[in-house]
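> just the structure for this:
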Amino acid sequence: MSAPVDGPGNGKADLIIRNARLIDGTGGPSYSGDIAIRDDRIVGLGALGGMSGGTEIDAQGKAVAPGFIDVHTHDDRAVLANPTMKNKVSQGVTTVVTGNCGVSLAPLKIDRRPPAPLDLICDTPEGFYGDFASYLKALDDAPAAVNVLAQVGHSSLRVGAVADLTRAASSSEIKVMRKKLEESLEAGAIGFSTGLFYPPSQAAPTEEVIELGKALHDHAGLHTTHMRDEAAHITDSLAETFRIGREADIPVVISHHKCAGADNHGRSVETLPLIDAAMKQQRIGLDVYPYIASSTMLSPDRMAGASRVLVTWSVPHPEHAGRDLADIAAEMGLSQTEAAGKLLPAGAVYFSMAEEDVQRIMKYPHSMIGSDGLPHDTRPHPRLWGTFPRVLGHYSRDVGLFPLEEAVRKMTGLSATQFGLKDRGTLKVGNYADIVMFDPDTVIDTASFTDPMQAATGIALVIVNGRPVWQEGAVTGARPGRAIRRQQLGTFGKAA
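Now for the predicted structure:
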């Protein structure tokens with residue numbers, strides 16, 4: 001670690017960004033000043049007239065903030081297959097959390113096409129890893145442009161251990177899963193995610209998850225969950241989530257909190273107080289993405305609550321990627337449910353949330369920002385490319401949902417605290433130099449549902465561990481990201 005600069009700043013730095021609006025990630029007021037970087041650390045903040053840099057950049061009043069932490073991604077394979085990670089660094093993202101919704105590349109050996117939703121991150125058996133240490137070694141050997149915190153997926157464990165996924169795991173099968181989970185945590189996995197909404201895990205009773213959660217308690221891991229139901233039975237699912245956290249005595253993060261389906265619009269006024277009450281008793285967190293549409297596997301049984309469905313990919317009919325399911329069904333002379341069956345396996349975007357709920361959950365003081373993007377979709381949801389600039393530009397600046405400093409906190413300091421990240425998430429002398437520079441007046445997402453793979457505007461510079469990865473509207477090709485192990489983290493949900 002480089003020695004921090006004392007006082008107003010003196011000596012030599014590798015890079016100094018001058019005349020910046022410094023937003024430190026705590027939610028406190030921004031201030032004008034300079035920031036200095038040496039090696040992979042911040043070595044000066046404030047008035048640094050006494051320092052010189054090998055390279056100096058005049059920010060001309062642009063904002064400089066901690067690099068954004070995408071707490072909910074499915075980048076498990078993308079960080080290996082597309083390691084410059086243009087769709088993330090172009091947004092200012094410097095760290096991603098993978099293995100969400102019960103789906104991870106490890107630990108799983110499989111000899112066939114993986115079942116949905118595992119095929120959302122990899123559709124061939126060769127892309128999976130039999131043990132978690134091998135996956136993390138692959139990240140070490142071929143680093144990405146971003147830092148990675150990786151979780152173990154419950155569905156991945158079930159596919160590898162449970163003979164019949166339509167039933168609860170037997171005691172012997174739970175022992176197998178728990179052993180694999182413990183080995184993964186010892187190798188560096190940060191925790192364990194569930195996707196009780198999805199077919200591989202729907203039959204898993206609460207008690208199965210609690211038993212696995214006890215391994216997290218023993219190894220000081222975190223639990224994230226795509227809950228069993230985000231629609232009519234959302235309060236029951238919240239109660240189940242809280243019970244898992246209490247009985248296993250583990251911190252829990254509710255993934256992409258939403259109230260799905262027209263009949264449930266407005267129910268965030270009901271769910272957020274429940275979360276508030278639970279937070280007083282146990283460690284609970286939540287994340288949200290800034291869109292009224294979700295995206296996952298296409299399922300004929302799960303379209304009822306959506307006002308519109310867009311196809312993101314289809315194995316038998318790849319020509320329909322990006323098209324409205326209603327149009328496809330009309331051409332086929334079938335109902336939308338029947339047409340969806342013809343497209344499987346496939347993915348889809350579902351328009352199922354209310355703007356009022358999205359805004360209320362985003363404004364909730366404890367909600368973090370996560371993209372939940374699917375990088376291998378042919379025509380992905382625009383959140384893959386636009387989440388963070390959309391929060392900064394549309395919701396903070398244009399809608400006025402919260403101040404810019406609060407928007408940044410939800411993407412940085414709050415996320416670092418929830419995930420136990422040491423020396424990241426805030427601008428502080430001695431912290432790692434994960435940094436984004438952007439123009440508060442122009443930053444905005446340009447990715448849309450009709451043209452989803454478009455880089456945002458207004459992101460001027462992104463630095464990971466002291467090295468630029470996005471500059472002048474392009475990736476630099478640098479890949480300084482690190483696979484961060486559980487053993488390198490602090491306590492989840494508390495300041496590290």
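
> for residue 387, what are its contacts?
By Cβ atoms under 8 Å, 6 or more residues apart in numbering, the contact list for residue 387 reads 70, 91, 289-290, 369-371, 373, 445. The C-beta positions use only the backbone N, C-alpha and C, and glycine is treated the same way.

> of all pairs in those residues, which one is the farthest apart?
The span of the contacts of residue 387, defined through Cβ to Cβ, is set by 370 and 445 at 15.1 Å.

> report the buried residues of the biggest helix by length in the chain.
Ranked by residue count under DSSP state H, the longest helix found in the chain is helix 171-187. Buried residues in helix 171-187, counting neighbours by 16 or more other Cβ atoms under 10 Å, are found at 173-174, 177-178, 180-185, 187.

> who does that helix touch, helix- and strand-wise?
Helix 171-187 makes packing contacts with helix 132-141, strand 147-153, helix 154-161, strand 191-195, helix 206-219 when contacts are defined by 3 or more Cβ pairs under 8 Å, 6 or more residues apart in numbering; DSSP states H and E.

> go through the ones you listed and name the closest to residue 17.
Closest among the helices and strands packed on helix 171-187, using Cβ to Cβ: strand 147-153, at 20.3 Å.

> mind giving me the packing neighbours of that closest one?
With 3+ Cβ pairs under 8 Å, 6+ apart as the test, strand 147-153 has strand 93-98, helix 132-141, helix 171-187, strand 191-195 packed against it.

> would you list these in a markdown table and tack on distance to residue 18?
Converted to a markdown table, the helices and strands packed on strand 147-153 look like this (distance: least, Cβ to Cβ, whole Å):
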| stretch | distance to residue 18 |
| --- | --- |
| strand 93-98 | 21 |
| helix 132-141 | 34 |
| helix 171-187 | 43 |
| strand 191-195 | 40 |
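
> about what we covered before: return a ChimeraX selection command for the buried portion of the contacts of residue 387.
Listed next is the ChimeraX selection for buried residues among those, using 16+ other Cβ under 10 Å:
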select :70,91,289,290,369,370,371,373,445
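
> which one of the contacts of residue 387 is nearest to residue 23?
Lowest distance from residue 23 to the contacts of residue 387 (Cβ to Cβ) belongs to residue 369, with 14.6 Å.

> how far away is that closest one from residue 446?
As for residue 369, its distance to residue 446 is 18 Å (criterion: Cβ to Cβ, to the nearest Å).

> could you do residue 256 as well?
Taken as Cβ to Cβ, the span from residue 256 to residue 446 is 22 Å.

> ok, what's across the strand from residue 314?
residue 346 (DSSP bridges).

> so, low pLDDT: which residues of this protein?
Counting by pLDDT under 70, the chain contains low-confidence residues at 1-10, 494-496.

> quick check: domain ranges of it?
By the assignment in automatic domain parsing, the chain contains the domains 10-66+423-477, 68-294+349-418, 295-348.

> residue 488 is nearest to which of these?
Of the domains of the chain, nearest to residue 488 by Cβ to Cβ is domain 68-294+349-418, at 8.1 Å.

> ends of the closest one, what's the gap?
Distance between the two ends of domain 68-294+349-418: 14 Å, counting by Cα to Cα, to the nearest Å.

> then stretch 96-105?
15 Å.

> and that stretch, how far out from the chain's middle?
For stretch 96-105, the separation from the chain centroid amounts to 9 Å (computed by Cα atoms, centre = their mean, to the nearest Å).

> stretch 113-132 too?
Here stretch 113-132 is found 19 Å from its chain centre; the criterion is Cα atoms, centre = their mean.

> now do the buried residues in that stretch.
For stretch 113-132, using 16+ other Cβ under 10 Å, the buried residues are 114-123, 127-129, 131-132.

> mind checking the SS state of the spatially most central residue of the chain?
Among the residues of the chain, the one closest to the centroid is residue 72, at 1.8 Å (Cα atoms, centre = their mean). At residue 72, secondary structure determined by DSSP: H, G, I helix; E, B strand; the rest coil is coil.

> could you find the closest non-adjacent residue to it?
Nearest non-adjacent residue to residue 72, counting by Cβ to Cβ, 6 or more residues apart in numbering: residue 370, 2.8 Å away.

> also residue 321?
Take residue 321 and drop its neighbours on the chain: the residue closest to it by Cβ to Cβ, 6+ apart is residue 378, 3.9 Å away.

> how about residue 196?
Counting by Cβ to Cβ, 6+ apart, the residue nearest residue 196 is residue 228, at 3.9 Å.

> the one you found touches residue 197, doesn't it?
Yes - with contact defined as Cβ atoms under 8 Å, residue 228 and residue 197 form a contacting pair (6.0 Å).

> what's the longest strand in this structure?
strand 10-22 (DSSP state E).

> in terms of secondary structure, what does the very next helix or strand once past that strand contact?
Once strand 10-22 ends, the next helix or strand along the chain (criterion: DSSP states H and E) is strand 31-38. If you count contacts as 3+ Cβ pairs under 8 Å, 6+ apart, strand 31-38 packs onto strand 10-22, strand 41-46, strand 50-58.

> surely residue 433 and residue 44 touch.
No - between residue 433 and residue 44 there is no contact, the gap being 11.0 Å when judged by Cβ under 8 Å.

> returning to what we had before: and the buried residues of stretch 113-132, which is closest to residue 337?
Distance to residue 337 across those (Cβ to Cβ) is lowest for residue 116, with 16.7 Å.

> quick check: closest non-adjacent residue to that closest one.
residue 297 (4.3 Å).

> ok, that neighbour - contacts?
Counting by Cβ under 8 Å, 6+ apart, residue 297 makes contact with 116-117, 119-120, 198, 345-348.

> just flag the most distant two among these.
Across those, the two lying at the largest distance from each other (Cβ to Cβ) are 198 and 346, at 14.9 Å.

> secondary structure class for the residue nearest to residue 321?
Residue 378 - assigned by three-state DSSP - is coil.

> give me the neighbour count for it.
Using other Cβ atoms under 10 Å, residue 378 has 15 other residues around it.

> relative to residue 84, how far out is it?
Taking Cβ to Cβ, one finds residue 378 at 20 Å from residue 84.

> rewinding a little: which of the helices and strands packed on strand 31-38 sits most buried?
Mean neighbours per residue, mean count of other Cβ atoms under 10 Å, is largest over the helices and strands packed on strand 31-38 for strand 41-46, with a mean of 24.

> which strands and helices sit next to it?
Partner elements for strand 41-46 (3+ Cβ pairs under 8 Å, 6+ apart): strand 10-22, strand 31-38.

> so that strand versus strand 10-22, what angle?
70 degrees (axes from the mean of the first three to the mean of the last three Cα atoms, to 10 degrees).
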